[in-house]
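[1] I'd like to go over a predicted model; first the sequence, then the structure.
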Amino acid sequence: MAFDPTVHHRRSIRLKDYDYSQNGAYFVTLCTWQRECLFGDIMDGNMRMSETGLLVEQCWQAIAASHVQLDEFIIMPN
């Protein structure tokens, strides 16, 4: 999708002069469309991942194995 300033009007939170290609710690958050619980459910206070949630975890681990070093991460229902 091409940039359309009438639709895409979020302010960037990136630091103006920071080089994001350099090594560093980065916090990443991904959410599902309309926060639909696709990745699992909370049952008895524990996350029970769905097949989709397990696939997301496998993909995350595969990316990390070849490109980045992971610290702590969590997959939530949405």
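    Sure, I can see it.

[2] rest of the way, CA atoms for contacts and neighbours
    Noted.

[3] which SSE is the residue nearest the centre of the chain in?
    By C-alpha atoms, centre = their mean, the mean C-alpha position of the chain lies nearest to residue 30, the distance being 3.0 Å. Assigned by DSSP states H and E, residue 30 falls within no helix or strand.

[4] Could I get the pLDDT score of it?
    Per-residue pLDDT puts residue 30 at 84.

[5] Tell me how far it lies from residue 77.
    In this view, residue 30 and residue 77 are 11 Å apart by C-alpha to C-alpha, to the nearest Å.

[6] Check residue 18 too.
    32 Å.

[7] quick one, which of those two is more surrounded?
    When residue 18 and residue 77 are compared for neighbours, residue 77 comes out ahead with 19 against 8, by other C-alpha atoms under 10 Å.

[8] Please tell me how far the more buried one sits from residue 20.
    29 Å.

[9] hang on, residue 42 in a strand?
    Yes: the assignment for residue 42 (DSSP: H, G, I helix; E, B strand; the rest coil) places it in a strand.
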